[in-house]
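**Student:** Generate coordinates for the sequence data below:
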Amino acid sequence: MNTKFFFLFFLLLGLSIGMQAREYTFIPEKSVLKWNGKKVTGEHYGKVALKSGELTLDKDRIITGNFIIDLRTITCEDLPEGEWNDKLVGHLKSDDFFGVNRYPEAVLKIKGSSPLSNGVFKVQADLTIKGITKPVEFEARKSEKGFSALVTVDRSEYNVRYGSGKFFQNLGDNLIYDNFTLDVELSE
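**Tutor:** Numbering: from 1, shown residues only. Below you'll find the model as predicted:
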């Protein structure tokens with residue numbers, strides 16, 4: 001009787017260990033966050049650095065996660081280095097946009113997800129920019145290297161008003177669309 005009990009105990013223990021949640025910690029230097037913002041007359045794009053990031057995957061769901069983005073690292077890749085590039089990056093860091101002197105970081109906290117198919121998840125999260133927290137939803141994909149996602153953010157919800165048609169009229173060619181995207185590649 002004792003032999004059967006121990007066998008069953010170790011079998012159940014082994015199954016429960018195999019079914020535990022998996023935690024991922026992402027390496028900022030290996031992870032890439034590309035931003036893209038559009039305006040009536042074109043677009044700008046560049047990168048911003050991940051400061052830290054981790055998430056927990058339990059079976060077929062992402063259950064938690066926390067990501068810190070260092071907004072002081074914003075770069076522009078569509079303009080050659082020099083005066084115009086420096087002006088754009090400086091403007092993005094200014095209070096007209098992200099106010100990085102006062103708000104150097106953006107934070108994404110994953111609240112949960114639902115599985116879609118083949119390693120794709122519908123993620124629910126809270127995003128904080130400039131001290132303002134709003135819910136966001138996006139799809140994330142698990143791959144061999146880590147996770148990827150394309151996150152669309154409405155900047156106007158975070159008091160980033162410069163050139164926004166929601167706050168200013170008659171902008172003409174100076175209109176900047178409110179939505180920008182973050183194309184995220186997270187690697188362990």
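
**Student:** next structured bit after the lowest-mean-pLDDT helix or strand in the chain?
**Tutor:** Lowest by mean pLDDT, DSSP states H and E among the helices and strands of the chain is helix 2-18, with a mean of 48. Downstream of helix 2-18, the next assigned helix or strand under DSSP states H and E is strand 22-25.

**Student:** Stretch 33-51: end-to-end distance?
**Tutor:** 11 Å (Cα to Cα, to the nearest Å).

**Student:** what does it rub up against?
**Tutor:** Residues outside stretch 33-51 that contact it (Cβ atoms under 8 Å, 6 or more residues apart in numbering): 26, 28, 31-32, 67-71, 73-79, 88-89, 105, 163, 171-177, 179-186. Bear in mind the C-beta positions are built from the backbone N, C-alpha and C, glycine included.

**Student:** Could I get the full set of helices for this protein?
**Tutor:** Using DSSP state H, the helices of the chain run over 2-18, 83-93.

**Student:** In terms of secondary structure, what does the shortest one contact?
**Tutor:** Packed against helix 83-93 by the contact rule (3 or more Cβ pairs under 8 Å, 6 or more residues apart in numbering; DSSP states H and E) you find no helix or strand.

**Student:** pLDDT (mean, whole number) over that helix?
**Tutor:** Average pLDDT, helix 83-93: 92.

**Student:** one step back: which among the contacts of stretch 33-51 count as buried?
**Tutor:** Buried residues within the contacts of stretch 33-51, defined by neighbour count using 16 or more other Cβ atoms under 10 Å: 26, 28, 31-32, 67-71, 73-76, 79, 88-89, 163, 175-177, 180-182, 184-186.

**Student:** Which members of these are positioned in strands?
**Tutor:** 32, 67-70, 176-177, 180-182, 184-186 (DSSP state E).

**Student:** Hmm, which of these is lowest in pLDDT?
**Tutor:** If you rank those by pLDDT, Ile176 sits at the bottom with 73.

**Student:** close enough to count as contact, that residue and Arg161?
**Tutor:** No. Using Cβ atoms under 8 Å, Ile176 makes no contact with Arg161, being 9.8 Å away.

**Student:** Pull the contacting residues for the nearest residue to Val184 once chain neighbours are set aside.
**Tutor:** The shortest distance from Val184 to any non-neighbouring residue, by Cβ to Cβ, 6 or more residues apart in numbering, is to Ala149 (4.7 Å). Contacts for Ala149 (Cβ under 8 Å, 6+ apart) come out as Val123, Phe138, Glu139, Ala140, Arg141, Leu182, Asp183, Val184.

**Student:** now those as JSON lines including distance to Val100?
**Tutor:** Shown next, in JSON lines, are these (distance: Cβ to Cβ, whole Å):
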{"residue": "Val123", "distance to Val100": "26"}
{"residue": "Phe138", "distance to Val100": "23"}
{"residue": "Glu139", "distance to Val100": "28"}
{"residue": "Ala140", "distance to Val100": "26"}
{"residue": "Arg141", "distance to Val100": "30"}
{"residue": "Leu182", "distance to Val100": "16"}
{"residue": "Asp183", "distance to Val100": "21"}
{"residue": "Val184", "distance to Val100": "19"}
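
**Student:** Great, nothing more from me.
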